[in-house]
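Undergrad: Need coordinates for the below:
(one chain, ligands or ions: 2)
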Amino acid sequence: MNRCMGCGAVLQSEDEAKIGYIPKEKKGEAKLCLRCFRILHYNDLKMVHLPIENIMETVNRKGKYAFFLMDLLNINEEVVSTYKKITIPKTLIVSKMDYIPKYMKKEKIKTWLREEYGIQEEILFASAVKNRNLSSIEKTMEQENVKSAYLLGYTNSGKSTLLNHLQEKSSITTSPVPNTTLNYIKIPIAEGKELIDSPGFQYQHPLYKEDNLLLIKKMHPKSFLKPLTYQLKKNIGLKIEDVVQIVNESPKCNMTLYISNLLDVEKVYPDNQKLKEYPKRTIEMKKNQDLVILGLGFINVKSDCVLTVSIENLENIEIRNSFFER
Ligand SMILES: Nc1nc2c(ncn2[C@@H]2O[C@H](COP(=O)(O)OP(=O)(O)OP(=O)(O)O)[C@@H](O)[C@H]2O)c(=O)[nH]1
Ligand SMILES: [Mg+2]
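TA: Ligands and ions are numbered 1, 2, ... in the order given. Next up, the predicted model:
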């Protein structure tokens with residue numbers, strides 16, 4: 001059974017609409033399915049459904065060790081609870097470190113992850129695109145005496161990009177669209193050691209519709225994050241794309257947004273409030289707490305304030321103590 005080198009899907013020439021499709025005349029010689037070929041050469045992005053389920057079950061049954069990637073904008077209760085379901089020995093990797101401002105210090109992030117999220121295992125920091133700290137993965141495998149480890153994480157956390165930087169020549173398809181990797185792909189990274197790239201976990205309630213590729217791309221930029229600070233008077237709010245609206249109900253609120261800079265942020269006033277049809281929740285925020293919007297990032301408030309949040313699914317918001325406190 002031949003598999004696509006880029007996404008792991010089984011290659012087939014029967015149905016162009018299905019994953020792993022490769023034109024008949026290319027079968028036998030080409031190593032990439034048509035979708036991966038088009039992503040690689042034309043940046044033609046297309047989202048497809050994941051063909052496999054039960055990643056956690058497979059990993060817990062077959063795996064000896066797991067590395068779990070989380071990027072800073074996607075650290076929240078849902079992601080951490082998935083991480084905690086891994087029952088084999090594991091290490092957490094905070095990925096895409098090039099993306100975040102320098103004042104977010106690693107040691108503080110570590111303490112915060114331990115205190116706020118109860119993470120006890122080893123925590124590494126890495127940037128695939130800047131080749132930072134990638135050797136620590138091999139070192140951990142050496143120390144733990146493991147030859148094979150799964151690379152896990154939510155979709156878009158950067159698993160395949162990291163693995164491409166650990167091999168001499170990139171072979172795995174990467175993209176800002178969710179579900180790029182469709183099956184397990186074993187990659188040797190050093191003498192006698194391999195990592196297994198895996199399909200990503202999905203949020204229970206993704207913020208995007210599958211056909212909204214523009215929003216999906218905006219949510220996952222490659223460039224450095226510049227946090228945006230706002231001072232909102234009473235009844236003034238912010239709308240981020242058509243995803244979420246946050247209105248300040250207190251006399252004044254200072255907040256900093258840690259979200260992709262490509263997203264449109266619009267100020268809203270009492271007479272032009274949008275997203276009216278979405279469910280609302282009013283929250284009393286304490287100074288230095290974060291309002292976390294799952295899949296988007298977080299908003300740090302610099303003063304006590306009352307916020308009304310409108311969002312399609314209220315389960316996509318969480319409140320937490322920020323690591324700026326530490
Ligand atoms: N800034 C930055 N961007 C990264 C880094 N690693 C990955 N990315 C970007 O994040 C996006 C997703 O990367 P992938 O490697 O495809 O993510 P994945 O975890 O393999 O995703 P799935 O295969 O869908 O589960 C791509 O646009 C990458 O360029 C990194 O270290 N820094
Ligand atoms: Mg991948």
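
Undergrad: okay, CA-based contacts and neighbour counts for the rest of this
TA: Will do.

Undergrad: Are we agreed that Gln116 is in a helix?
TA: Slight slip there: residue 116 is Glu, not Gln. Yes - Glu116 forms part of a helix when assessed by DSSP: H, G, I helix; E, B strand; the rest coil.

Undergrad: Tell me how far it lies from ligand 1.
TA: Look at Glu116 and ligand 1: by Cα to the nearest ligand atom, to the nearest Å, they are 24 Å apart.

Undergrad: bridging residues for the closest residue to that residue other than its chain neighbours?
TA: For Glu116, ignoring the flanking residues on the chain, the nearest one in space by Cα to Cα, 6 or more residues apart in numbering is Asn321 at 7.1 Å. Asn321 has these beta-bridge partners by DSSP bridges: Gln289.

Undergrad: For burial, what's the neighbour tally of Asn321?
TA: Using other Cα atoms under 10 Å, Asn321 is surrounded by 18 other residues.

Undergrad: Run through the residues that contact it.
TA: Asn321 sits next to 116, 288-290 when contact means Cα atoms under 8 Å, 6 or more residues apart in numbering.

Undergrad: of those, closest to ligand 1?
TA: The nearest member of the contacts of Asn321 to ligand 1, counting by Cα to the nearest ligand atom, is Asp290 at 22.3 Å.

Undergrad: how about the helices of the chain, start to end?
TA: Remark: helices assigned in the chain by DSSP state H are 34-42, 55-62, 77-84, 106-117, 135-144, 159-166, 213-219.

Undergrad: most packed of the ones you listed?
TA: Highest mean neighbour count of these: helix 159-166, a mean of 23 (counted as mean count of other Cα atoms under 10 Å).

Undergrad: and the helix or strand bottoming out on mean pLDDT in the chain, does that touch ligand 1?
TA: Across the helices and strands of the chain, the lowest-confidence element by mean pLDDT, DSSP states H and E is helix 213-219, at a mean of 91. No - using Cα under 6 Å from any ligand atom, helix 213-219 never reaches ligand 1; the gap is at least 8.1 Å.

Undergrad: and that helix, what other elements does it pack with?
TA: Judged by 3 or more Cα pairs under 8 Å, 6 or more residues apart in numbering; DSSP states H and E, helix 213-219 is in contact with no other helix or strand.

Undergrad: what does the chain put close to ligand 1?
TA: 95-96, 98-99, 127-129, 155-161, 174-176, 178-181, 199-200, 222-223.

Undergrad: show me where pLDDT drops low in this protein?
TA: Judged by pLDDT under 70, the chain has its weakly predicted residues at 326.

Undergrad: Walk me through the domains of it.
TA: Taking automatic domain parsing as the reference, the chain has its domains at 1-44, 55-197, 228-325.

Undergrad: Please state the offset of the first one from the chain centre?
TA: A distance of 25 Å separates the centroid of the chain from that of domain 1-44, by Cα atoms, centre = their mean, to the nearest Å.

Undergrad: which parts of this protein sit against ligand 2?
TA: On the criterion Cα under 5 Å from the ion, ligand 2 has as its neighbours in the chain the residues 160, 181.
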